[in-house]
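Undergrad: 3D, please:
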Amino acid sequence: MKRLLIVWHSRTGAARAMAEAAAEAAEAEPGVRVLTLPADEATAEDLLAADGYLFAAPENLAALSGAMKEFFDRAYYLVLERLNGRPYAMMIAAGSDGHGAVRQLARIATGWRLKPVAEPLVVCTRAQDADRILAPKVLSEDQLAPCRELGAALAAGLAMGVF
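TA: Alright, predicted model coming up:
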């Protein structure tokens, strides 16, 4: 059985909802076990035990959220040269852009020599003022559907041995 690890961080609920939607779809794939963990609970051992990864995080100030970055900082050297070639995908919750977080996460994944198997998924919430940025987020079905598709595709690819 293949193992898919979904690591997420969320302050206002958007990235968590994205991760949960992806996990729900991935869990429907026979032959794949899905483990979904918040970034502060995920460990190097979890990374080593997985066959593929999906990372979900918000973009804060044009970068990955601090808690997601801390997860990568904590695990980075413990798994360096031990994840080479494993597949990954990413989902970013952003107020307007998301590309700063995409670039940062892609650089980390490149250092681990992970293989990107999907284009980064950025869900824009259009939150542009302090009140809307800090408010809890409820994503629409149109925003969650691509998350489900990505989770299902990643799990299917793992199950079929495509990557």
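Undergrad: so what does the longest helix anywhere in the chain touch, helix or strand wise?
TA: Secondary structure of the chain per DSSP state H: the longest helix is helix 141-160. Judged by 3 or more Cβ pairs under 8 Å, 6 or more residues apart in numbering; DSSP states H and E, the packing partners of helix 141-160 are strand 2-8, helix 14-27, strand 32-38, strand 52-60, strand 87-94, strand 121-124. All C-beta spots, glycine's among them, are computed from the backbone N, C-alpha and C.
Undergrad: Show me which residues of the strand or helix carrying Asp46 are buried.
TA: Per DSSP states H and E: Asp46 is located in helix 44-49. Buried positions in helix 44-49, judged by neighbour count with 16 or more other Cβ atoms under 10 Å: 44, 46-47.
Undergrad: do stretch 54-74 as well
TA: Here stretch 54-74 shows 54-60, 64-65, 67-69, 71-72 as buried, counting by 16+ other Cβ under 10 Å.
Undergrad: who's in contact with the spatially most central residue of the chain?
TA: For the chain, Phe55 is the residue whose C-alpha lies nearest the centre (Cα atoms, centre = their mean; 1.6 Å). Counting by Cβ atoms under 8 Å, 6 or more residues apart in numbering, Phe55 touches 6-8, 68, 88-91, 105.
Undergrad: All set, thanks.
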